[in-house]
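> Make a model of this:
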Amino acid sequence: MQLGAVEAGKPFALAQRAGTETAHMDHNLRARSDTLKRAQQAAQSGKTSDALEHLKGHIVEVQENSAIVAAERWLSLTPAERERTSIFAAGRRLRTEINAARRQW
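Next up is the predicted model:
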């Protein structure tokens, strides 16, 4: 007879119950601007459309040749702007295409 699998989080719950000191991290250090903080809070609450609404002035949506457009726009930025700019892709295939387009320029 085999023992059942340990449920997710069970070891942590047992450690807490035994009195292990626990740190609570409730402050986002990555979102530095107010816009990003509001978007992050909305996303974390499951309000995706609100999160995107906060970011609407910072989002570029492209329907055709999106990998090439994303790569060209990112490469047109100064090195300092590139450090502050992210490209988010919906899926591995698109991410691969964007990276390939960035490398060929």
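
> Low-confidence stretches in the protein?
Scanning the chain for pLDDT under 70 picks out 1, 6.

> Domains in it, by residue range?
Annotated domains of the chain cover 26-59, 61-105 [automatic domain parsing].

> Against R102, how distant is the residue sitting nearest the centre point of the chain?
Residue closest to the mean C-alpha point of the chain, counted by Cα atoms, centre = their mean, is F88 at 7.8 Å. Between F88 and R102 the distance is 14 Å, computed by Cβ to Cβ, to the nearest Å. Just so you know, the C-beta spots here come from the backbone N, C-alpha and C atoms, and that holds for glycine as well.

> what about R102, helix or strand, and which?
Assigned by DSSP states H and E, R102 belongs to helix 92-104.

> circling back to that earlier point, if we compare the domains of the chain, which one ends up closest to E7?
Among those, domain 26-59 comes nearest to E7, with 23.5 Å by Cβ to Cβ.

> Please identify which helix or strand holds the residue lying closest to Q40 once chain neighbours are set aside.
Nearest residue to Q40 in three dimensions, chain neighbours excluded: A31, at 4.6 Å (Cβ to Cβ, 6 or more residues apart in numbering). Here A31, judged by DSSP H and E, is contained in no helix and no strand.

> Fine, thanks again, bye for now.
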